[in-house]
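Trainee: Next one to model:
(one chain, ligands or ions: 2)
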Amino acid sequence: MLKTESITHSYGEGPTAVTVLDDVSITIPENGFTSIVGRSGSGKSTLLSVISSLLRPEQGTVYFKDREITSLSGSEIDRLRKDEFSIIFQSHHLLPYLTAHENVLLPFLDSLRPANEQLLEHGRTCLERVGLKGKENRLPGQLSGGEQQRVAIARALVKSPSILFADEPCGSLDKATGNEIMGILQDLNDEGLTIAMVTHERVHASMAKDTILLEDGRTL
Ligand SMILES: Nc1ncnc2c1ncn2[C@@H]1O[C@H](COP(=O)(O)OP(=O)(O)OP(=O)(O)O)[C@@H](O)[C@H]1O
Ligand SMILES: [Mg+2]
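Mentor: Numbers count the residues shown, from 1 in each chain. Ligands and ions are numbered 1, 2, ... in the order given. Now for the predicted structure:
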């Protein structure tokens, strides 16, 4: 589904440049659940940004569905990300003044047109999928941290992505709540969703199907 060839990336320029990814070649198979692990500063988030096309690497190539995506134009990348990719982060980035249901539908809401009933129902189905039936009309502030992350997952699902990228999705949650979120991700993967997840929790990494270990920007 997704493959990189010899990704190299540094931050800064000239003598102060620091190489953060060094010749990284990885493969994320279709229907895979791949965890990316390593110490703080090893380059995990940078690698996730590169494969999710948020960041163009200095060198190397990323292929998605056998198509090179590293040389796409800005608008082609925007389209690809809109159609195929969803990303969730440690912090859920929900809008505090919108309900769970509205947050989930945000990618589709158009201020000029009212949402149709089919779209509203799809949003409710995505919330039900992550166990939030009955809490659709709560504001993020009326939900627990784990529930807020569930809303973020529902929002990531609403456009039926080909691949879900997650950067420390359980990073701000307690152990039990983090395990619940991991259970949801496993279920989604069982249903066919390809997932690439950064984590520093060994237990969570072991719940994925494959693990990529990064050390100082290199794969081991
Ligand atoms: N925008 C940036 N500009 C300069 N340096 C950066 C930038 N982003 C990250 N770095 C540096 O690159 C290295 C790798 O960062 P990255 O965020 O990829 O690590 P990480 O493995 O995700 O760490 P953590 O587990 O703490 O999230 C770190 O040394 C970091 O300080
Ligand atoms: Mg990180």
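Trainee: Strand partners (parallel or antiparallel) of the strand of greatest length in the chain?
Mentor: Counting residues, the longest strand in the chain under DSSP state E turns out to be strand 2-11. Counting by DSSP bridges, the strands paired with strand 2-11 are strand 18-24 (antiparallel), strand 27-28 (antiparallel), strand 59-64 (antiparallel).
Trainee: Tell me which residue lies nearest the centroid of the protein.
Mentor: The centroid of the chain falls nearest to Phe165 when counting by Cα atoms, centre = their mean (2.3 Å).
Trainee: so how far is the lengthiest helix in the chain from its chain's centroid?
Mentor: Longest helix of the chain, by residue count under DSSP state H: helix 175-190. In this view, helix 175-190 has its centroid 14 Å away from the chain centroid, taken as Cα atoms, centre = their mean, to the nearest Å.
Trainee: same thing with stretch 199-210?
Mentor: Here stretch 199-210 shows a centroid-to-chain-centroid distance of 15 Å under the convention Cα atoms, centre = their mean.
Trainee: Pull out the buried positions in it.
Mentor: Neighbour-count burial for stretch 199-210, counted by 16 or more other Cβ atoms under 10 Å, picks out 199-201, 204-205, 207-208. C-betas here are computed from N, CA, C, even on glycine.
Trainee: before we move on, back to that, in the longest helix of the chain, what's buried?
Mentor: Neighbour-count burial for helix 175-190 flags 177-182, 184-185, 188-189 (criterion: 16+ other Cβ under 10 Å).
Trainee: Reformat those as TSV; add distance to Gly14 and pLDDT.
Mentor: Putting the buried residues of helix 175-190 into TSV (distance: Cβ to Cβ, whole Å; pLDDT from 0 to 100) gives the following:
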residue	distance to Gly14	pLDDT
Thr177	45	90
Gly178	41	92
Asn179	45	93
Glu180	47	91
Ile181	42	93
Met182	42	95
Ile184	45	94
Leu185	41	96
Leu188	44	95
Asn189	43	97
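Trainee: Between those residues, which sits nearest ligand 1?
Mentor: Ligand 1 has its nearest neighbour among the buried residues of helix 175-190 in Gly178, at 15.3 Å by Cβ to the nearest ligand atom.
Trainee: what sits against the closest one?
Mentor: 170, 201, 204 (Cβ atoms under 8 Å, 6 or more residues apart in numbering).
Trainee: So which of the residues you listed are in helices?
Mentor: Secondary structure defined by DSSP H assigns His204 of the contacts of Gly178 to helices.
Trainee: can you put the contacts of Gly178 in a markdown table and add distance to Gly123 and pLDDT?
Mentor: Listed next are the contacts of Gly178 as a markdown table, based on distance: Cβ to Cβ, whole Å; pLDDT from 0 to 100:
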| residue | distance to Gly123 | pLDDT |
| --- | --- | --- |
| Cys170 | 24 | 93 |
| Glu201 | 30 | 88 |
| His204 | 28 | 93 |
